[in-house]
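Student: need a structure here:
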Amino acid sequence: MASEHIRILLVDDEQRLLDALAKGLGAMGYEVSACSSASTALRTLESESFHVLVTDLVMPEMDGMALLDRVREKHPGLPVIILTGHGTIPGAVKAMRQGAFNFITKPYNLDEVDANLKKAAEHASLIAENQALREQVDRRISFAGIIGESAPMQNVFRIIERVKDTHSTVLITGESGTGKELAARALHFSGFLKDKPFVTVDCAALAESLLESELFGHVRGAFTGAHKDHAGFFEAAHGGTIFLDEIGEFSPGLQTRLLRVLQEGEFTRVGDNKPRKVDVRVIAATNRDLESAVARGSFREDLFYRLNVISILMPPLRQRIEDIPVLINHFLHKFNRKIGKRVMRVTPDAMEIFVNYTWPGNVRELENMMERLVTFCDDDAIKAIALPDEVKSKASQVQEEQRQAKTLIGMTYKEAKADIVEKFTVEYLETLLTDCDGKITRAANRSGMDRGCFYRLMKKYGIEKDLLLDD
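Tutor: Numbers count the residues shown, from 1 in each chain. Reported below is the predicted structural model:
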């Protein structure tokens, strides 16, 4: 990057040194602005853009370290170079740990400053290019905040796109942590109701009596403590969308009341007999199997069909493993910004563990883990050693099961059956012998085999008899 295209902001309280450096860099072709205090520099950054900030470390009122913190908070893409005397080098090193691009010791020469400025400007340019590319990719792999390029997620995006501008009731199903509320928000905020109310109700978090009052409102005197009329969530959502999360928690009485809203577009407040009209689009979500609940009689069949006009299934993360690297990249950038870190990547061995782990908590679990890993990462990369032992163990188990499955596929049916039978027999015999303190006769009796047959199986599969005690 040529110096004439690089804009530099210099900060130093020693006016003589500031003028000399500004003059020298200007002669090299840099476009230079100079400030004699950190507070002036911050005000300048509010109105002008620069490629690199160069600041002295020791200054009155606000020093270079404090300025660095403010710049990283408000202008995270701007590289900062620290000027420091020999006596304050430890402070400059600390500044680098906290995000400074580099430090230069005084007395400096212009060639050294020139080289550092060009490197810093090139680094900032690469980050900006990567950000632009990332935004292009994000537009391809995300829909209104939902991330995913896998076939199951692309199918979710297609359904949302088709129904976002309709009044159709939608039922979103899927395991906990799969992003059901994100899908509901995408439906509302990407469609024609985006400027209308969006009201979320966590049905599992409220007791039945309170949930009824919160949903439909109540009139004064309806129950102890009802000192005045209260409008419910349905009235608050009038003209827009109400999102009923965990709809499977509705009691039979509430199911009946909700059915009336869906059928007639009206309801009554608790303690009132006056029907009230409401125009609301209903989106419901559950991690339960409502069809099974209908079969058991715990959920109304007519309500289920009223809710299930449009169905969206949010796939678990283990069924969309190709999305894991994409999600990890997304969370890296999210938590770098939030925490103020520069964790740029996940090492290949760590990524292999991420991909092989089954993620019972789905995307929510991955997001929480990434926040912890970024918080405690002291490097520019998350390594396998930083991952929880339980995650590494389960991922290793999955890898072994996959390896065994691939091995079986390469066998004939007869060979595969024999291999499985052998593994089962060895594990069964060894477990039984251990439980019987190594006594063969007792183990044989427990197994239902005679002692001779049991012993022949031990010999066939190489179970050491000299390590075992007989009766």
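
Student: any idea how far residue 157 is from residue 190?
Tutor: According to Cβ to Cβ, to the nearest Å, residue 157 stands 10 Å off from residue 190. Where C-beta positions appear, they are placed from N, C-alpha and C, glycine not excepted.

Student: mutual contacts of those two, please.
Tutor: With contacts taken as Cβ atoms under 8 Å, 6 or more residues apart in numbering, the residues that reach both residue 157 and residue 190 are residue 143.

Student: so where's the stretch 51-200 of the chain uncertain?
Tutor: 130-142 (pLDDT under 70).

Student: how about the strands in it?
Tutor: 52-56, 80-84, 102-105, 142-143, 146-147, 170-173, 198-202 (DSSP state E, counting those that start in this stretch).

Student: JSON lines for those, including mean neighbour count and distance to residue 22?
Tutor: Below are those laid out as JSON lines (neighbours: other Cβ atoms under 10 Å; distance: least, Cβ to Cβ, whole Å):
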{"stretch": "strand 52-56", "mean neighbour count": "25", "distance to residue 22": "10"}
{"stretch": "strand 80-84", "mean neighbour count": "24", "distance to residue 22": "13"}
{"stretch": "strand 102-105", "mean neighbour count": "18", "distance to residue 22": "15"}
{"stretch": "strand 142-143", "mean neighbour count": "18", "distance to residue 22": "44"}
{"stretch": "strand 146-147", "mean neighbour count": "18", "distance to residue 22": "45"}
{"stretch": "strand 170-173", "mean neighbour count": "24", "distance to residue 22": "59"}
{"stretch": "strand 198-202", "mean neighbour count": "18", "distance to residue 22": "53"}
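
Student: let me have those in TSV, adding distance to residue 23 as columns.
Tutor: Formatted as TSV, the strands of the stretch 51-200 of the chain follow (distance: least, Cβ to Cβ, whole Å):
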stretch	distance to residue 23
strand 52-56	14
strand 80-84	16
strand 102-105	17
strand 142-143	49
strand 146-147	50
strand 170-173	64
strand 198-202	58
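
Student: quick one: which of those is nearest residue 446?
Tutor: strand 170-173 (45.4 Å; Cβ to Cβ).

Student: out of the strands of the stretch 51-200 of the chain, which gets nearest to residue 323?
Tutor: Closest to residue 323 of the strands of the stretch 51-200 of the chain is strand 146-147 (Cβ to Cβ; 6.9 Å).

Student: residues in contact with the closest one: which ones?
Tutor: Contact with strand 146-147 is made by 138, 141, 153, 156-157, 179, 182-183, 186, 323, 326-327, 330, as judged by Cβ under 8 Å, 6+ apart.

Student: how about 10 Å then?
Tutor: 138, 141, 153, 156-157, 160, 179, 182-183, 185-186, 314, 323, 326-327, 329-331, 363 (Cβ atoms under 10 Å, 6 or more residues apart in numbering).

Student: ok, that strand: who's next to it in the sheet?
Tutor: strand 142-143 (antiparallel) (DSSP bridges).

Student: tell me where the stretch 301-450 of the chain has strands.
Tutor: So, for the stretch 301-450 of the chain - with DSSP E, counting those that start in this stretch - the strands run 310-313, 345-346, 381-382.

Student: how does the protein divide up, domain by domain?
Tutor: Split into domains by automatic domain parsing, the chain comes to 3-137, 150-315, 320-403, 413-467.

Student: average pLDDT for the last one?
Tutor: Okay, so that is domain 413-467. Average pLDDT, domain 413-467: 83.

Student: before we move on, the earlier item: go through the strands of the stretch 51-200 of the chain and name the closest to residue 418.
Tutor: Minimum separation from residue 418 across these (Cβ to Cβ) falls at strand 170-173, 41.7 Å.

Student: I'd like the strands of the stretch 301-450 of the chain as a markdown table, with mean pLDDT and mean neighbour count appended.
Tutor: Formatted as a markdown table, the strands of the stretch 301-450 of the chain follow (pLDDT from 0 to 100; neighbours: other Cβ atoms under 10 Å):
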| stretch | mean pLDDT | mean neighbour count |
| --- | --- | --- |
| strand 310-313 | 96 | 16 |
| strand 345-346 | 93 | 20 |
| strand 381-382 | 94 | 18 |
